[in-house]
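>>> quick one: sequence plus predicted model below, questions after.
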Amino acid sequence: MMITLLLSFAAFATPPADYSQVKERGGCTYYNGPTEEDGTRPMRAECHWPDLTFERIDGLLSKWEDHDLYHSSVVAADIVGQDGDAVLVHQEHHTAGISNRELTLRLTKEVLPNGARYPWTMIAEQPEPAKGNVVPVRDDGYWEVTAAADGGVDVVYDLKYSPGGRVPGFIVKWFQTSGLVAVVEDFYEHATGSE
């Protein structure tokens with residue numbers, strides 16, 4: 001199975017310009033981008049999962065209120081409103097060693113020729129967080145899922161996240177590598193039922 005993952009993935013991977021590879025495993029290659037003007041360092045995963053279908057992943061990502069079921073750092077995801085075609089979801093994130101993060105995201109689904117993109121961004125006016133919680137400075141990103149020509153799906157997970165507040169440098173560095181891998185692998189395990 002692992003050989004199939006690696007062989008099928010080799011044809012898919014195309015590193016983004018100016019991004020550096022930080023890890024490769026489980027059919028995915030992980031990258032960090034150059035630091036942006038606001039201090040955010042983009043993170044990206046490109047995966048080929050031959051054992052999953054677009055329909056399976058779409059069924060998961062389209063249920064905005066269920067994101068806490070497969071992201072271990074998301075402990076709450078509650079729909080709090082609608083903005084046109086977008087759904088507003090209030091989330092709480094827990095990471096060991098730092099204060100909990102709390103924010104409201106605007107999530108949408110964009111149909112693509114062979115799949116879909118599921119982008120999110122923080123709403124401009126964030127509600128006051130619970131005592132002790134911190135509102136992140138930035139949380140923008142997307143999942144993009146397309147049916148692969150040779151079967152399975154090609155998946156991109158792209159994230160620009162700035163936690164705000166006081167965060168030790170070693171936790172930031174961990175999140176940009178191991179934390180990114182954990183997010184993607186949590187989702188894959190849930191999607192395949194192997195968690």
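Thanks, I have the structure now. Residues are numbered from 1 along each chain as shown.

>>> report the mean confidence score over stretch 92-99.
The predicted model gives stretch 92-99 an average pLDDT of 83.

>>> where's the residue nearest to the spatial centre of the chain, which helix or strand?
For the chain, the residue whose C-alpha lies nearest the mean C-alpha position (Cα atoms, centre = their mean) is Y157; its distance is 5.1 Å. Following DSSP states H and E, the helix or strand that holds Y157 is strand 153-162.

>>> in the helix ranked longest in the chain, what counts as buried?
For the chain, the helix with the greatest residue count under DSSP state H is helix 180-192. Of all the residues in helix 180-192, those buried under the rule 16 or more other Cβ atoms under 10 Å are 180-181, 183-188, 190-191. Heads up, the C-betas are built off the backbone N, CA and C, glycines and all.

>>> how far does that helix sit from its chain's centre?
Relative to the centre of its chain, helix 180-192 is centred 9 Å away, using Cα atoms, centre = their mean, to the nearest Å.

>>> next, the angle strand 153-162 makes with it.
140 degrees (axes from the mean of the first three to the mean of the last three Cα atoms, to 10 degrees).

>>> quick one: name whatever helix or strand follows the worst-scoring helix or strand of the chain on mean pLDDT.
Least confident element among the helices and strands of the chain, by mean pLDDT, DSSP states H and E: helix 2-10 (a mean of 38). Per DSSP H and E, the first helix or strand lying C-terminal to helix 2-10 is strand 20-25.
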